[in-house]
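> Have a look at this prediction, sequence included:
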Amino acid sequence: MNTAYLLTGGNMGNRAFHLQQAEQYIQQYCGEIVCSSSIYETEAWGFTDQPAFYNQALELKTALSPDQLMRKLLEIELEMGRIRTQKMGPRIIDLDILLIDDLIIESELLSVPHPALTERRFALLPLAEIAPLLIHPIEGKTITALLDSCTDTLNVQKK
């Protein structure tokens, strides 16, 4: 069994409902969600002229390989109606793998740890809530230490 840490997010429609729906799909198709963070609201990152996002971190126990997990998450996004038209644009749902065990993966399909994790407060804050002492396999620091040194100034608020 692998332990994967995911970040769910979205900024279109009923944001809280979409996160709940994504969690149900992940539980159904990917494995057992053993822990979930609070929901956080965050200003848009990158392309800022769009509604604020809701984000939530999940800890998942899965028998799927990292590639299988990523493919399932992409299928869930499609099932929920995500259409990729604009990079960093508005979306109904976004499902990212932040970390899987202590693996380091770089492929066409997947980069683990997520390459921007250490720069994004909206990912680190919910992850620190559920796995504060988890060690980033490249940085060699806890999630809490990475959050403390993160220079991202976006406003991230617990809902």
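Yes, it's here. Remember, it's a predicted structure, so these values are computed and weren't measured experimentally.
> the helices in this structure, which residues?
For the chain, applying DSSP state H gives helices covering 15-29, 66-79, 121-130, 143-149.
> roughly how far is the shortest one from the heart of the chain?
To tie it back to what came earlier, the one meant is helix 143-149. 17 Å (Cα atoms, centre = their mean, to the nearest Å).
> Can you show me the CA trace of that helix as PDB?
Extracted in PDB, the C-alpha atoms of helix 143-149 (Å, rounded to 0.1, in the frame of the first residue of the first chain):
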ATOM      1  CA  ILE A 143       5.900  20.200   5.900                       C
ATOM      2  CA  THR A 144       5.700  22.600   8.900                       C
ATOM      3  CA  ALA A 145       9.200  23.900   8.300                       C
ATOM      4  CA  LEU A 146       8.500  24.300   4.600                       C
ATOM      5  CA  LEU A 147       5.300  26.300   5.500                       C
ATOM      6  CA  ASP A 148       7.300  28.500   7.900                       C
ATOM      7  CA  SER A 149       9.800  29.300   5.300                       C
END
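> hang on, the earlier thing: CSV for the helices of the chain, including mean pLDDT?
Formatted as CSV, these follow (pLDDT from 0 to 100):
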stretch, mean pLDDT
helix 15-29, 97
helix 66-79, 95
helix 121-130, 97
helix 143-149, 97
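> CSV please, covering those helices and showing distance to Ile104 and mean neighbour count.
Bear in mind the C-beta positions are built from the backbone N, C-alpha and C, glycine included. Below are those laid out as CSV (distance: least, Cβ to Cβ, whole Å; neighbours: other Cβ atoms under 10 Å):
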stretch, distance to Ile104, mean neighbour count
helix 15-29, 23, 17
helix 66-79, 11, 17
helix 121-130, 17, 24
helix 143-149, 16, 17
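> Mind checking the ones you listed for the one nearest to Leu60?
Minimum separation from Leu60 across the helices of the chain (Cβ to Cβ) falls at helix 15-29, 6.6 Å.
> now for the closest one, which elements pack on it?
With contacts taken as 3 or more Cβ pairs under 8 Å, 6 or more residues apart in numbering; DSSP states H and E, helix 15-29 sits against strand 2-10, strand 32-36, strand 53-62, helix 66-79.
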